[in-house]
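> Fold the following, please.
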Amino acid sequence: MATESLVPVAAIVDLILGVVTIALVRRSPEKQWVERLGGLLIGWILVVKGLEYTCWAVMETITQSNVWINNIGVELEDSFFRYARSACRTIAILLVSSLAFVYPYPVIQKEWNIKLITSFVAFFSIILSTLWLLTDFKHTDIEWILVVPGVVILCSVYIRFMISEIKDNEESDRRISMVAGLLMIAILGEQMTYWLAQVISINGDFIARFTVELGLWNPSPISWIGVNIVLTMGAGTIMILMTMEAWRVYHRGLSGFSVIVYLVGIVGFIAGVVDYAVLDLVRTCVETACETLPSSFDLWYDFTSETLVFLFTPLIFMYILLNFDIIDSQANENRWLTRIMVILMLLIVSSSVIELMQSFLPLPQMISSAALAMVVAIFIGWEERIMTNLMREGDTVTIKLAGMGELATFEIDDADYDILSFTMCGVIFFTMIICLLYSSVV
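Numbering: from 1, shown residues only. Reported below is the predicted structural model:
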């Protein structure tokens, strides 16, 4: 039985959360530049990912397809939605590659860093999106190589402050190591669920199958390099996280973040075993003719990789925004908007999970409706407790770094933040126009 697609839900969640985040960052002028710039980049990452998922959802609707990767039809080969989705994906990767340089540990601590990031994202977004259009997306995914420095920074920050917490008994260092780990999961969560398959070198067989099945994708060797780079980053980071969290559990005991890391690691281990079990079926696409994979295989990835990417990744970003005090959620003008955002996100995600379960479990409609009503009642009744837990008191990243003497104190002009947002609007508008014009003439 086919399950419901989570792509439309992800589009709604990411767009709402992204727009609200940008608005809240604008309303938090008293925050340090690290929080404001990091929050603004997270907001635009969510907005661009929401636009990408919107194009994806439209393509699924046109082809009546509700699977992770499927032949989306000849009629979409030169469509605006295909081009726009790929362009938004490239822009999101460029934004992600910039985030690690300013948050949680700002490597570039100069007043002109926001100008550099704005110029970098704008220039490469336009250049790469146009180049991919002209080359029919044969070289796409190589932009993942730009994320490598950021992932190295996040790993280094995580390891440094984890060691400091254990060796020097610095409890406050946990907040910096945890936010670095959460960002790695948010950026590479999908690839982390393929870590065992990458270690035993069978991901290439799946990529080959999808290349045959997905008639619109004809990757070049450069594109294959990009795909393998991001898969290797996912495998490497989750193994680092599991190793370091095991060390911390031994000395400090189990924590919520440790549980998340090991859940992702276990999912990746089981996924590797499952992938190996269906490897003969996967290779039929290259050797003879494609044989259908078991429905349980698709169901597994619906509840693991897809759920992590489409539902839990925006929740991770929301947790980072609130728990690490990136936005001023306590201000009177922000409090109501923050509460609406939290409750809305939790309701959308929980209702989507219920619908996903109902798509393959023989649950009567009345039972699923009752379950949803219970979830609504819990969120409304515990709204204060939920908000309190999300916004626990503690040192922000900037307070910790300033106390260590590792944060330059300067002010970035408010106009520069507005220029970044206006530039992103212009980049998105320009790439959409280019995609529309190109789709109309090819």
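
> got a list of what Val96 touches?
45, 147, 150, 187 (Cβ atoms under 8 Å, 6 or more residues apart in numbering). C-beta here means a position set from N, CA and C on the backbone, and glycine is covered the same way.

> what's the pLDDT at the last one?
Just to be clear, that refers to Ile187. Among the per-residue scores, Ile187 holds a pLDDT of 92.

> give the contact list for it.
Ile187 makes contact with 96, 147, 150-151, 154 under the criterion Cβ under 8 Å, 6+ apart.

> Just the closest of these to Thr118, please.
Val96 (15.3 Å; Cβ to Cβ).

> Roughly how far does the closest one sit from Phe257?
Using Cβ to Cβ, to the nearest Å, we find Val96 at a distance of 20 Å from Phe257.

> tell me the mean pLDDT for the host helix or strand of Ser350?
Per DSSP states H and E, Ser350 falls inside helix 332-358. For helix 332-358, the mean per-residue pLDDT is 70.

> cool, stretch 274-285 as well?
If you average the pLDDT over stretch 274-285, you get 82.

> Buried ones in that stretch, by neighbour count?
Buried residues in stretch 274-285, counted by 16 or more other Cβ atoms under 10 Å: 274-275, 278, 282-283, 285.

> Just the ones of these in helices?
Mapping the buried residues of stretch 274-285 onto helices (DSSP state H) picks out 274-275, 282-283, 285.

> Would you convert the residues you listed into TSV that also reports distance to Thr292?
TSV is the format used below for these (distance: Cβ to Cβ, whole Å):
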residue	distance to Thr292
Val274	16
Asp275	16
Val282	11
Arg283	14
Cys285	11
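
> Closest one to Asp136 out of those residues, please.
Checking these one by one against Asp136 (Cβ to Cβ), the nearest turns out to be Cys285, at 21.1 Å.

> ok, now which ones touch that closest one?
Cys285 neighbours (Cβ under 8 Å, 6+ apart): 208-209, 212-213, 291.

> And it, how far from Ala10?
27 Å.

> ditto for Leu279
The value you get for Leu279 to Ala10, if Cβ to Cβ is used, is 29 Å.

> Can you tell me the closest non-neighbouring residue to Ala92?
Val48 (4.5 Å; Cβ to Cβ, 6 or more residues apart in numbering).

> which SS class is Thr409?
Following DSSP: H, G, I helix; E, B strand; the rest coil, Thr409 is assigned to coil.

> Quick check: phi and psi at it.
phi -100, psi 110 (degrees, to the nearest 10).

> for the one 10 residues further on, same thing?
Recorded main-chain torsions at Ile419 are phi -60, psi -40, according to degrees, to the nearest 10.

> repeat for Met239
According to degrees, to the nearest 10, Met239 has phi -70, psi -40.

> Report how many residues lie close to it.
16 (other Cβ atoms under 10 Å).

> For it, which residues are in contact?
Trp195.

> Give the residue spans of the stretch 301-442 of the chain that score low on pLDDT.
Applying pLDDT under 70 to the stretch 301-442 of the chain flags residues 329-334, 351-373, 375-376, 378-395, 442.

> rerun that using 80 as the cut-off
301-305, 325, 327-396, 441-442 (pLDDT under 80).

> give me the number of residues near Ile22?
With other Cβ under 10 Å as criterion, Ile22 counts 20.

> Please tell me how far it sits from Leu420.
10 Å.

> and for those two, which residues touch both?
40, 44.

> if we can go back for a sec, tell me which of the contacts of Val96 fall in helices.
Using DSSP H, these in helices are 45, 150, 187.

> can you put those in TSV and add distance to Gly405?
Below are these laid out as TSV (distance: Cβ to Cβ, whole Å):
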residue	distance to Gly405
Ile45	30
Gly150	24
Ile187	29
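
> between those residues, which is nearest Pro106?
Distances from Pro106 to the ones in helices among the contacts of Val96, taken by Cβ to Cβ, are shortest for Gly150, at 12.3 Å.

> Need the pLDDT of that closest one.
93.

> can you pull the contacts of it?
Per Cβ under 8 Å, 6+ apart, neighbours of Gly150: 96-101, 187.

> and the gap between the residue of the chain positioned farthest from its centre and Ile340?
Relative to the centre of the chain, the most outlying C-alpha is that of Thr288, 35.7 Å out, by Cα atoms, centre = their mean. Distance, Thr288 to Ile340, using Cβ to Cβ: 54 Å.

> Also Ser296?
Distance from Ser296 to Ile340, by Cβ to Cβ: 39 Å.

> what does Thr409 give?
34 Å.

> And for Ser129?
In terms of Cβ to Cβ, Ser129 sits 34 Å off from Ile340.

> and if you look at Ala289?
Ala289 is 52 Å from Ile340, by Cβ to Cβ.

> do the same with Leu322
13 Å.

> Check the burial of Asp298 by counting its neighbours.
Asp298: 16 neighbours (other Cβ under 10 Å).

> Tell me the confidence at it?
75.

> now stretch 407-416, how far from the centre of its chain.
Relative to the chain's own centre, stretch 407-416 is displaced by 27 Å; criterion: Cα atoms, centre = their mean, to the nearest Å.

> which residues touch it?
Taking Cβ under 8 Å, 6+ apart as the rule, stretch 407-416 contacts 29, 32-34, 36-37, 106, 109-111, 114-115, 118, 398, 401-402.

> Please flag which of the residues you listed sit within helices.
33-34, 36-37, 114-115, 118, 398, 401-402.

> If you rank those residues by neighbours, which is first?
Leu37 (26 neighbours).

> ok, for that one, nearest residue in space, not its chain neighbours?
In space, Leu37 is closest to Val102, 5.0 Å off (Cβ to Cβ, 6+ apart).

> correct me, but that neighbour touches Gly38?
Yes: the criterion here is Cβ atoms under 8 Å, and Val102 meets it with Gly38 at 5.6 Å.

> any idea how far Met404 lies from Ser172?
From Met404 over to Ser172 (counting by Cβ to Cβ), the distance is 10 Å.

> whoops, I mixed them up, Gly39
From Gly39 to Ser172 the distance is 21 Å (Cβ to Cβ).

> So the two - more neighbours on which side?
Counted by other Cβ under 10 Å, Gly39 and Ser172 do not tie: Gly39 has more neighbours, with 25 against 15.

> ok, that one - contacts?
So Gly39 contacts 21, 24-25, 28, 31, 321, 326-327 (Cβ under 8 Å, 6+ apart).
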